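*Asks:* Below are the sequence and a predicted model; questions follow.
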Amino acid sequence: MDADVVVSLLSQKLQNLLHDEAIAMTPKVKDLVQRTTHRLNLFRQLLKEADQKNRALAVEMNSGKWTTRLLRALYSMDDAIDNFIVRKALQSRKPFTSFCNRVVFNKEMKQFISKTGDLIQDKQALDVQDVTDNNIPGPSQHQRWARISGFCFDGESRVVGLEEQVKNLVALVVQGAEQGNQPAVVSMVGEGGSGKTAIARIVYNRVDIKRHFTSRAWVHVTKEFKVRDVLVDMITQLDEKIAKEPLLEDELKWRLPKLLGQGRYLIVVDDVDAPEFWEAIKEVFPPSSHGGVVIVTTRKAGLAVPAGSTLQVRSLNDEESWALFLKKLDITEERLHNSQLMKFKGQILKLCGGLPLAIVLMCGLLSAKELTDSEWSRVIEHVNAIEGILALSYHELPSYLKPCFLYMGLFPKAIEIPIRRLIHLWVAEGFVASFSDGDMVEEDLAEMYLEELVCRKIIEVVRWRLDGSPKTCRLPSLVHDVFSLKARDIGFLQIHSTSISANTSQLPVRRLATYSNVPFSKLHLSHLRSYVSFNTLKGGIPAGNSSMFLDKIMSKENLGVFRVLDLESVYKPQLPKAVGTLLNLRYLGLRSTVINSLPVSIGVLQCLETLDVKHTNITSLPDSFWKIRSLRHLYLNGICLDSLDLLSAETLSKLQSLCGLSISTESLVAETLSKCKCLRKLQLTFYIPSSIKIDWTSQLNKLHSLRIRSIRESGESASIKFTSFKEQHNLVNLSLFGSLIRPFKSTIFPPNLKSLTLSKTGLAKDPMLELGKLPELNILRLFNFSYIGEEMTCVSGAFPQLHVLKLWQLDHFSKWLVKEGALPSLRELEIRDCRSLKTLDALSLLTSLSELILTNMPSDFADYVRGINSTSSAVFIKENHWEPSPPME
C-alpha cells in the first residue's frame, strides 16, 4: 500500500520522541504518544492485511478518497510532532511555553486519534492485533560494510550472459574508430532493463578500449536535458581546468570540438529520451583524422541516430538468463540441489523475460527469503513481468526501509549519490531509529539499511572506495522512473525541473527538489520540511534563483518543521540572514558551493546535526556556533580555531565527524577533543612552532579515520610524535603529514589498518620492510618527501592485501626491487613525479596489476615502460599531467 511508508515513518518519529532524553515527557503526554503509536500499528496491520488477503479491498483503499483522508491525517500528525519538538527547544528562551506546548500537543494527538477512528471503523471486518515492526535491527556489534564489501571487485566486466553483445559492441567501436574523419555513431536500442547501460559500461572500461582512445567521457541525458549542462559534464571529464571557466553554451560548442579533435575520442551518451537531443548536440563531435566514436543508448528505436550503426540489444536466452540468475543469487551448488529452486526454473525464466534487470531484482527478492516451497511459490505467483517484479520488490521491503528507498527518488535520474550525503540526510529526516543505549548510533543503522537495499538489488553501488567501502550509489534507471513517481503520488516528495510541474498529489509539498531555475509562485510551502537543490548551474554562474527561493521560504510562518537545507554544488547561493529562524534545521549542506561566509544567525540553530562547508571559502564560524549541543558532523574547510573557551567536551558530546579544522594551540586538543568519545572521523591541521604529540588519540576508541597535518608558521612540516596506535582496533584509515622523529616498526600501527598515507615524514630508512607486514593494508600512499632514500624493496609475501600503491614526489627514489610473491593483490599503481626512477623491472612481477598511472614522469620513462609491457594486454598504462589546483573563486 502506498500509505504504509508514511505510517512507518510516523511510527519511527514517535519512537524516536520517546527515546529522546532531551524531551522529558509527563506521564499524560507519554500515554498519548503510546496510544497514537498503537493507532499507527493498527493502520500498518490494516494495510498489510488488505494487501495480502483481500485485493479488492486494497484497490478500494488505495484508489483516492480513503487514502487521501488517511494521508492528510498522517501528515497532520507529522507536523504536530515537529512543532512540538521546536516549541520544546524554545522553552529555554520562554519557560512559560512548556505548559502551552504540552496542551497543544495533547490536543493534536487526540484529534488524530479521533479523525482516524472513522477510518478504522470502516474496516471492522479485520481482526487487527497490536503489532510492532520487530524487524528493525537493534543495537549490536556492527562491522561496517561487511555484507557488501566483497562486491567491490565483482565489477560489470564479469557480468554473465552479456558476453556476445559486448563482443558485438567492441567490434563496432573499433571499426568506427579506425574509419577516421567523420565520427562513428553507434545507437544501442533496447527496452528498459535490457542491459544497454551495463554493456556500454563494460566496453567503456575495458583495457583494450582505453588504450584505443586518447580521451573518453560518459554523460547521462534526461528527458528535460539542458544542452549546456551536458556539454559541461562532458568537458569536465576531458579537461577539468576548462570546465571551471564561466563559459556560455556557444563558447562550449566552440571549445569542445577543438578539445576532442586533438586525438581519438570515445563518448557515451546514456539513456537518450528526447527526439531533439542529437540535433542539438551533434555539432560538438568534430571530424578528426584520429577517429572518434559516439555511443548512444535509448529505449526508443525512433531515437537511433540515422547516419550511424544500430545495435539492437536483445533479451537473454534461457541459458544466459539462468547463468546470470545463479550468479546474482550467489547460491552454492550444494544449496542449489538441496533447495526447491530447480522446480521453479521454468516459471522464473518466463517471468523475467530475458531482461537482466528483472533477473537481478528477482534475485534480490529471493535472497531475502528462506528457500522453501511456500516462499518460492508465493513470490512467483504474485508477479508478472518486470513491472510485477518491481512492485513486489518494493512491497517486500521492511517498512523501515521504504522511506529511505523512496527518498532516493528526490535525486535526479542516474545521478551518483554520495553515500556520506545520503546517510546524513536519512538521519536528519528522522528515517532512522534512535537508540538510548549501546555503542551503535543512527549512522550505523543507516549504513545497515543501505547494505540491505544493495543486497536486495534494488539500488546499486556505482563507485567503491579503494578500501572496498561504497562511495556512491544510485537507483537503476527504470527503478527511478517507477518509484520517483510513486513518492510524488503520496505527497512524500515533489520535484521541479525545467518548468513548473503540476503537483501530482493533492497534498502539501513536504520535501522539494529543484533541478533548474523555475518560478515558485504557485508552490504552497507552509509544510515544507526539506529543500534540496540540484540546480548547480555548472561553469561558474551564481545561483540567484535558489537565493530568491530561500528568501521565499524564510518569509513563511511555521518554519519549525523545516529539517534539511541541502545546496551541495550549487554555485555561490546567498543564504538569507534569517536562516537562524529554521529552528528545527538538522542538516545544512553547502559543500562545493564556494560561498564566502555564513550568516551570524547560524549560531542559534540548536537542533543542527550536520554542517558541511567543505570546498567553500568560509574561514570562520560565529562563537555561538560552538555551543550547539546537537552537532554530529562538521565538515569544514580549514577554519582556524584559536580560543580555548569556544570548545567544550560537554557541548560536543555527540560529535562523530570533525574534518577541516585548523588549530594553533596543542592544549586545546588534549583538554577537549580527547574527551569527545563519540568521534569516529577526525581531520586536524596544527600550526605549531616545532612538534605535536598525538598520543591523546588513543583515548578515542571509536575512531576509524584519523588525518593529522603538522605545519610550522613558515609553511614547512613540523614533527609528529606518537608512541603507538596498536590498541586502536577500530582505526582503519590513518594519514600523517609531518616529519616522524624516529624509525617505526609495523607493530605500532593499528592491527586492522586498511589505508595509510604518509607525507613529509622524511623517512631515511626503507619503509617497505615494516609496512609490508601489515596484514590488512589495502591502500598505501607515500607522498612527497615521505621517503628520502634511494632504494625500496618489497620482500616475498609482503603486502598480502594491498590493492593500491601511490608513490608521489620521492625525489631520490631511483631503484625499486620487488621479490617474487610480493604484492600479490596489487591492482593499481601510480608513480608521480619520481624523476630519479629510471627503470621498472618490478612490473613483470606484479601479476594482478591492471592499471599503471604515470603522472609527470619523463616521456622516455613512459616509452620504456610501454616497451617492457608490450607483451601484456592486461595492464592499462595511463599518462597524466598534474598541476596544483588554483584557489577557489
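*Replies:* Good, I have the coordinates.

*Asks:* tell me what whichever strand or helix holds residue 480 is packed against?
*Replies:* In this assignment (DSSP states H and E), residue 480 forms part of helix 477-489. Packing partners of helix 477-489 (3 or more CB pairs under 8 Å, 6 or more residues apart in numbering; DSSP states H and E): helix 385-395, helix 402-407, strand 494-496. Just so you know, the C-beta spots here come from the backbone N, C-alpha and C atoms, and that holds for glycine as well.

*Asks:* Looking at these, which one is packed in the most?
*Replies:* Each of the helices and strands packed on helix 477-489 was scored by mean neighbour count; the highest is helix 402-407, a mean of 23, by mean count of other CB atoms under 10 Å.

*Asks:* So which other helices or strands are in contact with that one?
*Replies:* helix 4-19, helix 419-429, helix 442-455, helix 477-489.

*Asks:* Out of the ones you listed, which gets the lowest mean score?
*Replies:* Ranked by mean pLDDT, these end with helix 4-19 at the bottom, a mean of 82.

*Asks:* for residue 330, what are its contacts?
*Replies:* residue 367 (CB atoms under 8 Å, 6 or more residues apart in numbering).

*Asks:* ignore the last one, residue 213
*Replies:* So residue 213 contacts 177, 263-266, 293 (CB under 8 Å, 6+ apart).

*Asks:* Roughly how far does it sit from residue 281?
*Replies:* For residue 213, the distance to residue 281 equals 19 Å [CB to CB, to the nearest Å].

*Asks:* repeat for residue 422
*Replies:* 31 Å.

*Asks:* ditto for residue 731
*Replies:* Taking CB to CB, one finds residue 731 at 48 Å from residue 281.

*Asks:* Of those two, which one has the most company?
*Replies:* residue 731 (25 against 22; other CB atoms under 10 Å).

*Asks:* Thought residue 706 was touching that one, still the case?
*Replies:* Yes: at 6.2 Å, residue 731 counts as touching residue 706 under the criterion of CB atoms under 8 Å.

*Asks:* does residue 533 have beta-bridge partners, and which?
*Replies:* Residue 533 forms beta bridges with residue 514, as assigned by DSSP bridges.

*Asks:* And the strands in the stretch 451-600 of the chain, which stretches?
*Replies:* 460-464, 470-474, 494-496, 511-514, 530-533, 564-566, 587-589 (DSSP state E, counting those that start in this stretch).

*Asks:* Rounded mean pLDDT for the second one, please.
*Replies:* Read that as strand 470-474. Per-residue pLDDT over strand 470-474 has a mean of 94.

*Asks:* and it, how far from the chain's centre?
*Replies:* Chain-centre distance of strand 470-474: 4 Å, with CA atoms, centre = their mean, to the nearest Å.

*Asks:* so what's the spatially closest residue to residue 532 that is not a sequence neighbour bridging to?
*Replies:* Closest residue in space to residue 532, ignoring its immediate chain neighbours: residue 566 at 4.3 Å, by CB to CB, 6 or more residues apart in numbering. Beta-bridge partners recorded for residue 566 (DSSP bridges): residue 532, residue 589.

*Asks:* Start the count at 8 instead of 1 going forward.
*Replies:* With the count now opening at 8, the last piece we talked about shows up as residue 573.

*Asks:* ok, residue 573 - how many residues close by?
*Replies:* With neighbours defined by other CB under 10 Å, the count for residue 573 comes to 24.

*Asks:* quick one: it from residue 592, how far?
*Replies:* Distance, residue 573 to residue 592, using CB to CB: 11 Å.

*Asks:* likewise residue 216?
*Replies:* 47 Å.

*Asks:* between those two, who's got more neighbours?
*Replies:* residue 592 (25 against 20).

*Asks:* what's around the closest residue to that one other than its chain neighbours, how many residues?
*Replies:* Excluding the flanking residues, the one nearest residue 592 by CB to CB, 6+ apart is residue 612, at 5.2 Å. Using other CB under 10 Å, residue 612 is surrounded by 24 other residues.

*Asks:* show me the contacts for residue 612.
*Replies:* Residue 612 neighbours (CB under 8 Å, 6+ apart): 586-587, 589-590, 592, 595, 635.

*Asks:* so what's it scoring on pLDDT?
*Replies:* So residue 612 comes in at 91 (pLDDT).

*Asks:* related to what we said a few turns ago, so which of the helices and strands packed on helix 484-496 is nearest residue 264?
*Replies:* Each of those has some distance to residue 264 by CB to CB; the shortest is strand 501-503, at 33.3 Å.

*Asks:* what's the closest one packed up against?
*Replies:* In terms of contacts (3+ CB pairs under 8 Å, 6+ apart), strand 501-503 is packed against helix 484-496, strand 518-521.

*Asks:* And the average pLDDT for it is what?
*Replies:* What strand 501-503 shows for mean pLDDT is 86.

*Asks:* for stretch 818-831, same thing?
*Replies:* Across stretch 818-831, pLDDT averages out at 95.

*Asks:* And it, what's buried?
*Replies:* 820-821, 823, 825, 829-831 (16 or more other CB atoms under 10 Å).

*Asks:* what about stretch 399-414, distance to the chain center?
*Replies:* On CA atoms, centre = their mean, the centre of stretch 399-414 falls 18 Å from the chain's centre.

*Asks:* cool, and stretch 214-228?
*Replies:* With CA atoms, centre = their mean, you get 24 Å for stretch 214-228.

*Asks:* cool, stretch 168-187 as well?
*Replies:* Here the centre of stretch 168-187 is set off from its chain's centre by 32 Å, with CA atoms, centre = their mean.

*Asks:* What residues sit buried inside it?
*Replies:* Neighbour-count burial for stretch 168-187 [16+ other CB under 10 Å]: 168-169, 172-173, 175-177, 179-181, 183-184.

*Asks:* Which of the residues you listed fall within strands?
*Replies:* Residues of those located in strands (DSSP state E): none.

*Asks:* Between which two of those residues is the distance greatest?
*Replies:* Within those, 168 and 184 form the most distant pair, 26.3 Å apart (CB to CB).
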